[in-house]
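K.L.:
Have a look at this fold, sequence not included:
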């Protein structure tokens, strides 16, 4: 079996392939959108219970776009070139932001600095992973608002999941969760810091009475997991698309359960707003209307597999993400984006409790002030429900 070299592998995905995972390293400078000039280089509510129950939608704002003669309002959007940001990429390229009087300005910001960029007011919008870092920032009262879905574990659309080395499956050494005990297991971030850890632990406990502590975990970057499987230095991993289908094509692994089967409907990332949009509800609503339209095109083309929409969306994703091979969009499981991008508040609340229990967040706190689900619900009503 010929192993793909790291240089060849990165050539398939494009420079900065590790940016595909929200917990990976810094992403490279993105290509400038064709109808949205890139900004000059920049430095790198209600209670939770009320929100979970579904807040009363505020009176609808005018749905007409700003007058054509009005200047576009620049909005700075952090960019790590991942498919879960498809809503913003598509809204930029198809003119949905322009329809709302917005000029999107994508900024290359390292993955780990998404929240820092928002708090420092060097960015206005970010797609932030639900993880210990985010909860610790919220616990400090930092000015961050979680506004909309930016990725979840959906049926048939979950970017993460279990991968097991093929020779272990073929030999019968791996038949299920119990066989992972003590095995070398690769993860993309420090254990117990990400939503992937929660999904994996839930599945291990339910199927074998194990936890992540029962595995011999190693933190390995996603591109390097392929080489680690080929050299038999690891036996299983919590993988991510599109790395999993590449490993499948090389005969290195067998798919295990995808993230949806481990933790259905888990919220793994959210669209967050900083001060500029949080202080301007009309601008926030305009952004969310455009974003919702962009997300729906992604869902229609990549998840629902509408051919015409897919042909419109894939070139946009190739332009803006690290995935440059259109065939990978055929083989990979799509990112879990929702046509009506309302985040799962129960999952966000439950996972805070998990991080507190695991010692990654010091104490629980009220998430209500940091969630504004009512505004995206209002945007959905104005655009029309999917």
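P.N.:
Received the coordinates, thanks. What you see is a predicted model; the values in this text were computed from it and never measured.
K.L.:
Going by C-alpha atoms from here, please, whenever you check contacts or count neighbours.
P.N.:
Noted.
K.L.:
Excluding chain neighbours, give the residue nearest to residue 165 in space.
P.N.:
Spatial nearest neighbour of residue 165, chain neighbours left out: residue 253 (4.3 Å); criterion: Cα to Cα, 6 or more residues apart in numbering.
K.L.:
Next, residue 359: secondary structure please.
P.N.:
coil (DSSP: H, G, I helix; E, B strand; the rest coil).
K.L.:
Any idea how many residues pack against it?
P.N.:
Counted with other Cα atoms under 10 Å, the neighbours of residue 359 add up to 13.
K.L.:
And it, how far from residue 192?
P.N.:
According to Cα to Cα, to the nearest Å, residue 359 and residue 192 sit 9 Å apart.
K.L.:
residues contacting the closest residue to residue 152 other than its chain neighbours?
P.N.:
In this structure, residue 152 finds its nearest non-sequential neighbour in residue 267, 4.4 Å apart by Cα to Cα, 6+ apart. Neighbouring residues of residue 267 by Cα atoms under 8 Å, 6 or more residues apart in numbering: 130, 149, 151-153, 343-344, 347-348.
K.L.:
And the residues you listed, which is closest to residue 79?
P.N.:
Proximity of those to residue 79 (Cα to Cα) peaks at residue 151, which lies at 15.0 Å.
K.L.:
Now the closest one. Its backbone dihedrals?
P.N.:
Dihedral pair for residue 151: phi 140, psi 130, per degrees, to the nearest 10.
K.L.:
is it true that it touches residue 268?
P.N.:
Yes: Residue 151 lies in contact with residue 268 (Cα atoms under 8 Å); the separation is 5.6 Å.
K.L.:
Touching, residue 198 and residue 192? I think so.
P.N.:
Yes: at 7.3 Å, residue 198 counts as touching residue 192 under the criterion of Cα under 8 Å.
K.L.:
Averaged pLDDT, the helix or strand that contains residue 138. What do you get?
P.N.:
Here residue 138, judged by DSSP states H and E, is contained in helix 132-139. Helix 132-139 carries an average pLDDT of 95.
K.L.:
what's it packed up against?
P.N.:
Contact here means 3 or more Cα pairs under 8 Å, 6 or more residues apart in numbering; DSSP states H and E; on that basis helix 132-139 packs against no helix or strand.
K.L.:
Check which helices and strands the helix or strand that it is followed by is in contact with.
P.N.:
Per DSSP H and E, the first helix or strand lying C-terminal to helix 132-139 is strand 145-149. If contacts are counted by 3+ Cα pairs under 8 Å, 6+ apart, strand 145-149 sits against strand 269-273, helix 373-383.
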